[in-house]
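Chemist: I need the structure of the sequence given here:
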Amino acid sequence: SSSAFYLKNIKTPMVFINARDDPIVPEPLLPMIREFVSSHDNVMFLELSHGGHLGFYEGGLLYANPVTWLDRA
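Modeler: Sure, this is the predicted structure:
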């Protein structure tokens with residue numbers, strides 16, 4: 001079930017952040033978010049060129065890299 005169907009339930013201020021290269025939330029899913037944001041004063045939509053879905057996640061689809069960016073920091 002998509003969270004897009006629950007947008008109308010948002011009562012507190014919220015920021016949506018999406019990267020154009022996000023493989024999980026691609027461009028065709030964004031018009032509903034943009035429309036919602038344009039009609040609500042307490043929400044904001046930030047769209048970035050790059051970032052993927054989880055900018056901090058490293059590794060393969062099934063197995064994460066055992067040494068992450070946090071370990072190296």
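Chemist: For the rest of this, base every contact and every neighbour count on C-alpha atoms.
Modeler: Fine.
Chemist: C-terminal to the helix ranked longest in the chain, what's the next element?
Modeler: Secondary structure of the chain per DSSP state H: the longest helix is helix 30-38. Note on helix 30-38: by DSSP states H and E, the next helix or strand toward the C-terminus is strand 43-48.
Chemist: counting contacts, what elements does that next one pack onto?
Modeler: Counting contacts by 3 or more CA pairs under 8 Å, 6 or more residues apart in numbering; DSSP states H and E, strand 43-48 packs against strand 14-19, helix 30-38.
Chemist: Ok, which of these comes nearest Ala4?
Modeler: Closest approach to Ala4 among those (CA to CA): helix 30-38, 7.4 Å.
Chemist: picking up where we left off before, would you mind giving the helices and strands packed on strand 43-48 as a markdown table with mean pLDDT added?
Modeler: Listed next are these as a markdown table, based on pLDDT from 0 to 100:
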| stretch | mean pLDDT |
| --- | --- |
| strand 14-19 | 88 |
| helix 30-38 | 89 |
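Chemist: of all these, which lies closest to Tyr6?
Modeler: The nearest among the helices and strands packed on strand 43-48, by CA to CA, is helix 30-38 at 10.9 Å.
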